[in-house]
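Q: Below: sequence and its predicted model.
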Amino acid sequence: MIREVLRSIFKKPATNLYPAQKLVMPEKFRGKLKFNPVKCIGCKMCMRDCPTGAITINKVGEKKFEAVIDLGKCIYCAQCVDSCLKKALEATREVELAQQDIKKLKVTYSDESGNEPPKEA
Amino acid sequence: MFKDLFQILIFPGLTFLVIFSLFAEYFDRKLYARLQNRVGPPWFQPFADILKLLAKEELIPCEANPRMFKLAPLFAFTAAITAFLYIPLWQIKTLFSFNGDVLVVLYLLTIPTLSFFIGGWYSTSLFARIGSVRSMTQLFAYEVPLFMGILSSALLANTWNLKEIALFYSAHPWFWLFNLPGFCIALIALLGKLEKVPFDIPEAETEIVAGSFTEYSGKLFAFLKLTLDIEMVVGAALLAAVFFPFGLQMNPFAGFVLFLLKIIFIVFLLSLLRTVMARLRIDQMIDFCWKYLVPLAFVQILLNLAVKGVILK
Amino acid sequence: MHNSEEFKIPIGPQHPALKEPESFSVALKGEKILGIEIRLGYNHRGIEKAAEERTYIQDIYLIERICGICSHSHSTAFVQAVEEIAGLELPKRALYIRTLIGELERVHSHLLWLGVAGHEIGFDTLLMYTWRDREIVMDILALLTGNRVNYGINTIGGVRRDISKEQAEEVLKAMDTLEERTKYYIELGLSETTLVKRLSGVGVLTYDDALRLDAVGPTARASGVKRDVRKDDPYAAYGEMDFKVITEKNCDVYGRTLVRLKELMEAYQIIRQCIKNLPEGPVTIKAPRKIPAGEALSRYEAPRGEDVHYVKANGTEKPERVKVRAPTLANVQAVKQMLKDRFLADMPIVIAAIDPCFSCTDRLVSLRQVDSKDKKTMNWQTLREYSIDWHRKQGIDFKKLNQKLKTNV
């Protein structure tokens, strides 16, 4: 034991200095969801399968849909990604989702690029 | 008069001791972390901890005896600092010296443990009381080998005065090597005094929360923490003075650096020991002290008597 | 307690030795334990009831969250039961992947346990080292499944993710490192004096007691009971795996440590076999949303012991009844026996040695009317009346409160 601990002095510490040094998540990581309104056909399978009711699909026009995702409710199981028939939903690698303001946790996706608009719910 | 006050309060007394012991705590914690392959705290962490505690509200349990509860940390703190004044640091002379001061230092170092007992007992918390009883039980186990280890060195020097011990070893340069078993005994006993793993039984976190300190908070707790740090430095200084009494006649600056190195070395050994061991049970601890440490201390005393009778004659 | 020698101390619901709230009331005489009272129920979350209100797909994720450590065990046990009712024949590849993840989970759980055990006996270096090595397996799990803790790999009718060649290589590489580390820990466990002193002879549970008290998992195996669902009633791909059931004759905490360490070595072998023999083919088959009426009992060897799930289906999208028996519930009774005539200092490690997971265990809360004469158990109606009455006495005006709630919503 003594040999092992003494060797540790000369080793680099195993700690990740987190905020300064960020880890990259693996490729298939289930992080924040991304919604593509162009592909969505409004079948609402994702709403039906979501275990926590975090996702809501609203009809905003003729064949146009927007998704409201409550990041506070979402448990990042990505079941909606599996359930989606047209692959309109996608899990990203983004994990730093903490917010000071609870309202910012509700994200609405409606523009075609699929990016999160500045609009607040 | 003014010089004495300066020496007691500023250097090498109170102020220096507090700062140095906080540094020693940093060294201990950083080393502990690095030995465990972690990063460890930044250098100002112990200072920040103490400052934070000093700023916090102190709560006294309503069933506790407030006077004893408040006095215990102060007693412990004062006793630990006073002990430092009698130890030769980097010169042969000490601030104060009289015949038998090595015993006084040892007894002054016992007072903190007694104060922890009193503070824990009068805080009336169940966990604190169990911790207090444990620290007293432990005291009787490690105190005997500690005394025997340290006094065996004094026995060889034929004096119970720390200054004269230093003088003797300056006259007989390599005689401190005879005391190395005694150093090992005293080092292990010191772990018990400082309540560090494997002898941190009185404050075993997973069993009795924080032992005697459970109810302490704020300034009083800051004093208790500081006392433990100071005890570590004073204990290390005592061990250095008794077991490594070399280099005391160099120029003051080089001597001072050597003194710091000696303390750091002893703190290093303490940290290393607490890294590689698990906490013992109180019965195992007492078994170990009486079955192994005390007989070893007897061997040391016999060895020193033999050296005295054969070589020094 | 003032001058008497005997007193009671509360270990929990909040105590540094317990990672989850649960109450142990210990009667002490000096350092000696005279008796111990266990009260479960601080972690009741009503998961079984919630499972009845959700569809089968949603239930997978709910059931997975029964436990943070053995999440795969619970979800596999649940989907196995559902698949049995629906009469689904799973593709081989799916079963192999389930086995693989199950064993990776065992590796991470046992390494976690070793660290916790080290902390409970004040050996923090062991905690730091094992948890550092545990990161390797956590990263592997994130790579394969997409998350570190709640893997979400199971679905009804198979698994959700396939394993690629490169991923398999990564797993094998990690297993080599972990195997070397585990060998070091075994050696450490055999040689480190203070460790052996604190663990051996502590928390003795004899073979007969283990049978009588229905101990499961490593707790039972350390007492010489050769009981392992993976061998006795093979599920997933365990029937095709070559592995040993580890037993020890020590009957104490030291034996439980050795069993877990040796099981780690077996787990690495199973993982290697899984990857080597991974059959080709699909990983899912289509499962119906409505499960036909029927019932099934599913057993799973979780890292802590046998996990039992019972599912009753009534032909709709939602189950009629889900019952979970977590391994800790079987083991917690043995703690009383283990702590008989031991010391207070042994208590944390003995409790930790069954690897308790109290939030998995708490399936039921019963409230007793202590202040009334007959002290009977309260039902829902009386509890509701009691609480409304109590709040009224505190001076809360419900009319105002109701209005305020309405306007806020």
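A: Noted; the coordinates are in hand.

Q: pLDDT (mean, whole number) over stretch C:255-266?
A: Mean pLDDT, stretch C:255-266: 90.

Q: From the chain's centroid, how far away is that stretch?
A: In terms of Cα atoms, centre = their mean, to the nearest Å, the centre of stretch C:255-266 is found 17 Å from the chain centre.

Q: Now tell me what touches that stretch from outside.
A: The contact list for stretch C:255-266, computed with Cβ atoms under 8 Å, 6 or more residues apart in numbering or on different chains, reads C:106-107, C:110-111, C:113-114, C:117, C:178-179, C:182-183, C:185-186, C:189, C:199, C:203, C:218-219, C:221-223, C:243-244, C:246-250, C:353-354. Glycine gets a C-beta too; all of them are placed from N, C-alpha and C.

Q: Weed out the non-buried ones from those residues.
A: The neighbour count (16 or more other Cβ atoms under 10 Å in any protein chain shown) marks C:106-107, C:110-111, C:113-114, C:117, C:178-179, C:182, C:185-186, C:189, C:199, C:203, C:218-219, C:221-223, C:243, C:246-248, C:250, C:353-354 as buried among the contacts of stretch C:255-266.

Q: Not counting its neighbours along the chain, what's nearest the residue most central in space within chain A?
A: Per Cα atoms, centre = their mean, the C-alpha nearest to the average position across chain A is that of residue A:32, at 0.8 Å. Sequence neighbours aside, residue A:94 is the residue nearest to residue A:32 in space, at 4.2 Å (criterion: Cβ to Cβ, 6 or more residues apart in numbering or on different chains).

Q: and that neighbour, how many neighbours?
A: By other Cβ atoms under 10 Å in any protein chain shown, 12 other residues sit near residue A:94.

Q: leaving aside the residues next to it on the chain, what's closest to the residue in the stretch 301-409 of chain C positioned nearest to chain A?
A: Per Cβ to the nearest Cβ, residue C:317 is where the stretch 301-409 of chain C lies closest to chain A, at 9.3 Å. Counting by Cβ to Cβ, 6+ apart, residue C:317 lies nearest to residue C:55, which is 4.6 Å off, once chain neighbours are set aside.

Q: Kindly report the same for residue C:37.
A: residue C:25 (4.2 Å).

Q: Check the model's average confidence along the helix or strand containing the one you found for me.
A: Residue C:25 is part of strand C:23-29, with elements assigned from DSSP states H and E. Averaging pLDDT along strand C:23-29 gives 84.

Q: What of stretch B:219-235?
A: 90.

Q: need the helices for the stretch 1-150 of chain B, in chain order.
A: In the stretch 1-150 of chain B, the segments counted as helices under DSSP state H, counting those that start in this stretch are B:2-9, B:14-35, B:45-55, B:66-84, B:101-122, B:126-157.

Q: now the third one and helix B:14-35, what's the angle there?
A: On the basis of axes from the mean of the first three to the mean of the last three Cα atoms, to 10 degrees, helix B:45-55 is oriented at 120 degrees to helix B:14-35.

Q: What of the fourth one?
A: Inter-element angle recorded for helix B:66-84 and helix B:14-35: 90 degrees (by the same axes, to 10 degrees).

Q: buried residues in helix B:66-84?
A: Of the residues in helix B:66-84, B:69-73, B:75-84 count as buried by neighbour count, 16+ other Cβ under 10 Å.

Q: now what about that helix, what contacts it?
A: Counting by Cβ under 8 Å, 6+ apart, B:12-14, B:17, B:60-61, B:104-105, B:108-109, B:111-112, B:115-116, B:118-119, B:122-123, B:215-216, B:220-221, B:223-224, B:226-227, B:230-231, B:233-234, B:237-238 sit against helix B:66-84.

Q: could you redo the last one with a cut-off of 6 Å?
A: Residues outside helix B:66-84 that contact it (Cβ atoms under 6 Å, 6 or more residues apart in numbering or on different chains): B:14, B:17, B:60, B:105, B:108-109, B:111-112, B:115, B:118-119, B:122-123, B:220, B:223-224, B:227, B:230-231, B:234.

Q: follow-up on the earlier one: how near is the residue of the stretch 301-409 of chain C closest to chain A to residue C:274?
A: Distance, residue C:317 to residue C:274, using Cβ to Cβ, to the nearest Å: 33 Å.

Q: And residue B:305, by the same measure?
A: According to Cβ to Cβ, residue B:305 and residue C:274 sit 69 Å apart.

Q: And those two? Which one has more around it.
A: The residue with more neighbours, out of residue B:305 and residue C:274, is residue C:274; 26 against 13, by other Cβ under 10 Å.

Q: from memory that one sits against residue C:101, does it?
A: No: the pair residue C:274 and residue C:101 fails to qualify as a contact (Cβ atoms under 6 Å) at a distance of 9.3 Å.

Q: Give me the neighbour count for residue 18.
A: Picked chain A for this. 8.

Q: look at chain C instead
A: 20.

Q: Phi and psi next, for it.
A: With angles defined as degrees, to the nearest 10, residue C:18 sits at phi -100, psi 130.

Q: tell me the contacts of it?
A: Taking Cβ under 6 Å, 6+ apart, we find residue C:18 in contact with residue C:12.

Q: Show me the contact partners of the worst-scoring helix or strand of chain C on mean pLDDT.
A: One helix or strand of chain C scores below all others by mean pLDDT, DSSP states H and E: helix C:398-408, with a mean of 75. Residues outside helix C:398-408 that contact it (Cβ under 6 Å, 6+ apart): none.

Q: again, but for stretch B:34-41
A: Residues outside stretch B:34-41 that contact it (Cβ under 6 Å, 6+ apart): A:5, A:8, A:9, A:13, A:14, A:15, B:29, B:30, B:33, B:275, C:125, C:128.

Q: Any of these buried? List them.
A: By neighbour count, with 16+ other Cβ under 10 Å, the contacts of stretch B:34-41 hold A:5, A:8, A:14, B:29, B:30, B:33, B:275, C:125, C:128 as buried.

Q: ok so, going back, distance from the helix or strand following the strand holding residue C:25 to the middle of the chain?
A: Moving toward the C-terminus from strand C:23-29, the next helix or strand (DSSP H and E) is strand C:32-39. Here strand C:32-39 shows a centroid-to-chain-centroid distance of 23 Å under the convention Cα atoms, centre = their mean.

Q: what does the average pLDDT come to for the helix or strand that strand C:32-39 is followed by?
A: With elements assigned by DSSP H and E, the helix or strand that comes after strand C:32-39 is helix C:47-52. Averaging pLDDT along helix C:47-52 gives 87.

Q: Can you give me the buried ones in helix C:47-52?
A: In helix C:47-52, counting by 16+ other Cβ under 10 Å, buried: C:47, C:48, C:51.

Q: Let me know the closest of these to chain B.
A: Looking across the buried residues of helix C:47-52 and measuring by Cβ to the nearest Cβ, the closest to chain B is residue C:47, at 28.9 Å.

Q: Could you point out the longest helix of chain C?
A: Assignment by DSSP state H gives helix C:92-120 as the longest helix of chain C.
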